[in-house]
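S.K.: Output the structure for:
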Amino acid sequence: QVQLVESGGGLVQAGGSLTLSCVASGRTFNDDAWAWFRQAPGKERDFVAAINWSSRGKYYADSVKGRFTISRDNAKNMVYLQMNGLKPEDTAVYYCAAGRTIQEIATRYEYWGQGTQVTVSS
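M.R.: Presented below is the predicted three-dimensional model:
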């Protein structure tokens, strides 16, 4: 059974930092793309960042460019999201996802974690 498990969420003040982690079990994702999405209450699930299998391709939503950094460790079957300069509007449940190709469309990713809550206070 394939599982993706996120961790690292929490409550932080505006301007602070958090690092989210996501570890996969049940299969390796060395040849797949990883992504992070987020969903705020009452809103759709939005793309945040994605990284291709080699880490040479990285894409970010405009709202997080320059503040967030996605990375991966294929040896550990993990993906990370370093979040700096957090803003109250970053408050959401953050999900990691894995799929065959790097893209910004949530429905194209086959595997999903259960999500981790990030709350940024003003």
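
S.K.: which residues in this protein form strands?
M.R.: Using DSSP state E, the strands of the chain run over residues 3-7, 10-13, 18-25, 33-39, 45-51, 58-60, 68-73, 78-83, 92-99, 111-112, 116-121.

S.K.: and among those, the most buried is which?
M.R.: Comparing the strands of the chain by mean neighbour count (mean count of other Cβ atoms under 10 Å), strand 33-39 comes out on top with a mean of 24. For the C-beta atoms, the positions are set from N, CA and C on the backbone; glycine is no exception.

S.K.: For it, the averaged confidence score.
M.R.: Averaging pLDDT along strand 33-39 gives 98.

S.K.: Strand 92-99 and that strand, what's the angle between them?
M.R.: Counting by axes from the mean of the first three to the mean of the last three Cα atoms, to 10 degrees, strand 33-39 lies at 160 degrees to strand 92-99.

S.K.: How far away from the center of its chain is strand 33-39?
M.R.: Strand 33-39 has its C-alpha centroid displaced from the chain centroid by 4 Å (Cα atoms, centre = their mean, to the nearest Å).

S.K.: of all the strands of the chain, which lies closest to Ile105?
M.R.: Smallest distance to Ile105 across the strands of the chain (Cβ to Cβ): 7.7 Å, for strand 45-51.
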